[in-house]
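*Asks:* Got a predicted structure here, sequence first:
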Amino acid sequence: MQNPAQSQFAAWPYTHVSSHLNGQRHVSDTSMSIEDMAFYQKRAAETDIRELIAQCRDRYCFAHELLKPHAVLPERLFDRDMLDIGPLLLPWSHFCSSYRNALFDPQMSLLDDQRARELQRWRLFVEQECFARFTKHPDWARAVLVAANLIPEREQDRDFFVGDLFADIIQDVTERTENGEDE
């Protein structure tokens with residue numbers, strides 16, 4: 001008869017697990033709390049922001065090439081020393097927090113890996129909702145580049161605050177989810 005305390009462990013074939021578990025892992029190893037998601041999002045924030053800036057820069061360059069094919073792009077657009085992700089960190093942090101509050105699913109599933117599921121949902125959300133929205137709208141892409149100090153600000157750029165744009169994304173997805181339009 002197996003000890004009840006051992007019944008919470010499943011077989012684990014990897015050898016790197018410490019010896020006190022006797023080659024087994026705990027059931028909660030595949031779970032993810034909201035704090036775990038916050039840690040993951042914070043750890044990946046700089047990479048995600050840099051990717052957003054790169055995609056917005058590519059969009060801006062493409063539009064610039066179409067509208068003004070013979071005009072020269074600003075040099076600082078490609079200067080890594082000019083890139084400043086600082087103004088985007090706080091809006092990104094609020095964006096991540098809003099995602100966790102509105103869309104994170106803390107429910108563990110018995111049949112699948114909740115950690116992998118939630119990380120995949122987050123990556124899809126960032127790529128399909130956030131990055132796609134910013135690259136779809138030229139004013140949004142320009143707002144990111146202005147916030148990152150890569151292009152000069154114009155008078156009409158003051159209408160677009162990146163934090164408000166992130167909030168719009170969360171609100172749209174939350175409304176679609178509440179209305180049953182998303183999975």
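*Replies:* All right, it came through fine.

*Asks:* Of all the residues in the helix or strand hosting Leu88, which ones are buried?
*Replies:* Element membership for Leu88 (DSSP states H and E) is helix 86-103. Within helix 86-103, the residues scored as buried using 16 or more other Cβ atoms under 10 Å are 87-88, 91-93, 95-96, 98-100, 103. Placement of C-beta: from N, CA and C, glycine included.

*Asks:* what's the closest residue to Pro106 other than its chain neighbours in contact with, if anything?
*Replies:* The shortest distance from Pro106 to any non-neighbouring residue, by Cβ to Cβ, 6 or more residues apart in numbering, is to Ile34 (6.1 Å). When contacts are counted by Cβ atoms under 8 Å, 6 or more residues apart in numbering, Ile34 touches 100, 104, 106.

*Asks:* and Ile34, how far is that from Thr177?
*Replies:* Between Ile34 and Thr177 the distance, using Cβ to Cβ, to the nearest Å, works out to 17 Å.

*Asks:* Which residue ranges of this structure form strands?
*Replies:* 9-11, 24-26 (DSSP state E).

*Asks:* Comparing those by mean pLDDT, which bottoms out?
*Replies:* Note on these: strand 9-11 shows the lowest mean pLDDT, a mean of 45.
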